[in-house]
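S.K.: Got a sequence here, can you model it:
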Amino acid sequence: MDIQEGKQKFIDSWGKMAGGWGITPAMAQVHALLLISPEPLNADEVKAELDISTGNVSMNLRALLDWGLAFKETPAGGRKEVYYAEKDLWKVIRQIIINRKKRELEPVLRVLDELAAVEENCPQSEHFCAVVRDIRKFSHKANQTLDTLIKADSHWLGGAFLSMVR
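M.R.: Okay, here's the model as predicted:
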């Protein structure tokens, strides 16, 4: 397999994993390209490499910047902005956790907290409140666990993972 085939296979595979992160395959493919590029790329280079529209490149680069998975800079003397990805995998995972937590878990927690005010005055409301309490308790524990992961450094996580595997 040559380097071009390897790059394409990596980009395609990274794009397929995207659903598990809550992002689009195109966004993941742009991210994959930036990850494996030894030098920052401008939008035209991303467009040419992935064969996607200018609008799609622009939208996905903006999204990667918003997620904290990519960064942009304007080289000295240059006029085109270039983009590069965070290469530290722990930082990438951390940013994905932060963004998924913000987009998925925190809105659910707000609703569950509101639902805690439902009055228990009949068998149906008692059952409803018991289920909501259990889900709320679990969701808050999950949130605390994710907060711990976000604050942890890669050495702690690696050590914790290795001790679980042994």
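
S.K.: Tell me the helices and strands packed up against the longest helix along the chain.
M.R.: Longest helix of the chain, by residue count under DSSP state H: helix 123-151. Contacts defined by 3 or more Cβ pairs under 8 Å, 6 or more residues apart in numbering; DSSP states H and E place helix 123-151 against helix 89-100, helix 106-115. Glycine gets a C-beta too; all of them are placed from N, C-alpha and C.

S.K.: how near is the residue nearest to the spatial centre of the chain to Trp21?
M.R.: Geometric centre of the chain, nearest residue: Ile96, 2.5 Å, by Cα atoms, centre = their mean. Plainly put, Ile96 is 5 Å away from Trp21 if you go by Cβ to Cβ, to the nearest Å.

S.K.: about what we covered before: show me how far the longest helix of the chain is from its chain's centre.
M.R.: 22 Å (Cα atoms, centre = their mean, to the nearest Å).

S.K.: Could you do stretch 122-138 as well?
M.R.: Here stretch 122-138 is found 31 Å from its chain centre; the criterion is Cα atoms, centre = their mean.

S.K.: Name the residues of that stretch that come out as buried.
M.R.: Taking 16 or more other Cβ atoms under 10 Å as the basis for neighbour counts, the residues of stretch 122-138 that come out buried are 129, 132, 136.

S.K.: With distance to Gln29 as new columns, can these be given to me in JSON lines?
M.R.: Shown next, in JSON lines, are the buried residues of stretch 122-138 (distance: Cβ to Cβ, whole Å):
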{"residue": "Cys129", "distance to Gln29": "45"}
{"residue": "Val132", "distance to Gln29": "39"}
{"residue": "Arg136", "distance to Gln29": "37"}
